[in-house]
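Peer 1: pasting the sequence and the predicted model now:
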Amino acid sequence: MKLCSFLVAGQANVGVVKDDGRVYRIDEYPDMITLIRAFESHPQNAKSNIDNAHNGFSEDELTFLAPVLNPQKLIMIGTNYKDHVIETNSPMPNIPVVFSKYNSALCGNDAEVIIPSCAQKPDYEAEFAVVIGKRGKHISASNAMEYVFGYTIANDVSARDMQNATSQWLIGKSLDGFLPMGPYLVTKDEIDNPHNLKIRGSLNGELRQSSNTKELIFDINVLIAFLSRSMTLEPGDIISTGTPGGVIAGMKETHWLEDGDVYEIEIEKLGTLRNVFKIE
């Protein structure tokens, strides 16, 4: 299934994209986390409610929100593709590099990303994100996929000047709107192998990033096992698995994001996330 969160008449809703391409509101669930929990506790009821959703909209009627609006955890993984490690002159990690973002960084497909005056070196990062489906701690790598609900697309927008001003990345990563996500949350049953998906990012139509999730240094199973050693993963938690090479910070000549730039991220079987950047 392709699920989403969207606004209609100022009201946030959860929806499902059906075979006719329209988005149908699922009235029984006020938000995505409630729906995810329902799939764990009452899966047949959840499937029935989705099948019976009948209030449909065309996508151009909607304002897409991030699929999960209020995750308890937004877990970000850094330097998790070898080409990105090399281009940024970073050390090859022995364990996952973990940081976080705040919920205020979330925005949806087609949202304008506002670059404030304090961010002089804004950059994009195309990422494949995992959404957790049930509560767990001390999860083994071999059982990790049991805890996955689905997948979505993320853009880990980064203010490189602020990010690199200290050893802690958070201030340059968590600016308002600096984590576009969506447009869909695709349930895991739709994806045969999440470790073999093409990922591409284009700036104003020019291909900048091109890779495959098979190039992850630490794959989904390893990440879930590693993270769950120290924290309880909850339904709706998001793990964004890192970006491949091709970011502006890794180029010999750096031309940072400018007013009106459009970045599009396409991940095989997940769709395309598109956002416009605006200078404040």
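Peer 2: Received the coordinates, thanks.

Peer 1: which pLDDT value goes with His54?
Peer 2: For His54, the pLDDT comes out at 87.

Peer 1: that one against Tyr24, yeah?
Peer 2: Yes: counting by CB atoms under 8 Å, His54 touches Tyr24, with 6.6 Å between them. Placement of C-beta: from N, CA and C, glycine included.

Peer 1: of the two, who's got more company?
Peer 2: The residue with more neighbours, out of His54 and Tyr24, is Tyr24; 19 against 9, by other CB atoms under 10 Å.

Peer 1: quick check: closest non-adjacent residue to that one.
Peer 2: Among residues not flanking Tyr24 along the chain, Ala53 sits closest, at 3.9 Å (CB to CB, 6 or more residues apart in numbering).

Peer 1: where does that neighbour sit: helix, strand or coil?
Peer 2: Taking DSSP: H, G, I helix; E, B strand; the rest coil as the rule, one finds Ala53 in the coil state.

Peer 1: tell me who's in contact with it.
Peer 2: Neighbouring residues of Ala53 by CB atoms under 8 Å, 6 or more residues apart in numbering: 15-16, 18, 24-27.

Peer 1: please repeat the previous calculation with a cut-off of 10 Å.
Peer 2: Counting by CB atoms under 10 Å, 6 or more residues apart in numbering, Ala53 touches 14-16, 18, 23-28.

Peer 1: now do His255
Peer 2: With contact set as CB under 10 Å, 6+ apart, His255 has these partners: 203, 248, 261.

Peer 1: just the pLDDT for the residue nearest to the second one when sequence neighbours are not counted.
Peer 2: Spelled out, it's Ile248. With CB to CB, 6+ apart as the criterion, Ile248 has its nearest non-adjacent residue at 4.5 Å, and that residue is Asp123. For Asp123, the pLDDT comes out at 98.
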